[in-house]
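>>> Got a predicted structure plus its sequence, pasted below:
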Amino acid sequence: MDDKISPVNATPASIEKAAPAVPVVAVKPTTPVSTASTSGKPATPSNSATPTDVAPAQIEYADFAKLAFRVGVILTAERIEGATKLLKLTVEVGGEKRTLGAGIAESYAPEELVGRKVIVLTNLKPRVIRGVESQGMVLAADNGDKAVLLTVDAPSGAKIK
């Protein structure tokens, strides 16, 4: 019998026995790393966690399961008048058009967003931001000085699991 565990034959007991695919290492913040560089200029770490980064409280799986993530295609993007950080996006999610306010204007020009397939939180209560009703949220990673949109290669409306 094959000892490999796949999604088809996985059971709670077999999952607990399986070795993790990637080793998990717990690291406690220690003294900050020196910011000196070999060029004589101060180094600026862009992707490092700082001791002030605190993990949010843990949630139950049932709470996470309430979130509905879907693939959306950005149809239009434009600046919001008077806002330096916000863009107004029109996103098609499985045949439905939604308007989103996204705080990514410092990282992306509107014209470079059209056609991108992004992950959208679709069951967030609508909220008016700078006069724009945002009907969801686009997901992005925080890269220190820049927001990086999470993109996928899947059809519009596909459920994110």
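Perfect, I can see it now.
>>> ranges for the strands of this protein?
Using DSSP state E, the strands of the chain run over 69-79, 87-93, 96-102, 117-121, 127-129, 132-134, 137-138, 140-142, 147-149.
>>> Now render those strands as JSON lines, adding mean pLDDT and distance to residue 63.
All C-beta atoms are positioned from the backbone trio N, CA, C, and that covers glycine. Output for the strands of the chain, formatted as JSON lines (pLDDT from 0 to 100; distance: least, C-beta to C-beta, whole Å):
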{"stretch": "strand 69-79", "mean pLDDT": "98", "distance to residue 63": "14"}
{"stretch": "strand 87-93", "mean pLDDT": "98", "distance to residue 63": "22"}
{"stretch": "strand 96-102", "mean pLDDT": "97", "distance to residue 63": "23"}
{"stretch": "strand 117-121", "mean pLDDT": "98", "distance to residue 63": "14"}
{"stretch": "strand 127-129", "mean pLDDT": "93", "distance to residue 63": "20"}
{"stretch": "strand 132-134", "mean pLDDT": "95", "distance to residue 63": "22"}
{"stretch": "strand 137-138", "mean pLDDT": "97", "distance to residue 63": "16"}
{"stretch": "strand 140-142", "mean pLDDT": "94", "distance to residue 63": "21"}
{"stretch": "strand 147-149", "mean pLDDT": "95", "distance to residue 63": "25"}
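>>> of all those, which lies closest to residue 111?
Among the strands of the chain, the nearest to residue 111 by C-beta to C-beta is strand 69-79 (7.3 Å).
>>> quick one: the closest one to strand 87-93, angle?
With axes from the mean of the first three to the mean of the last three C-alpha atoms, to 10 degrees as the basis, strand 69-79 and strand 87-93 are set at 140 degrees to each other.
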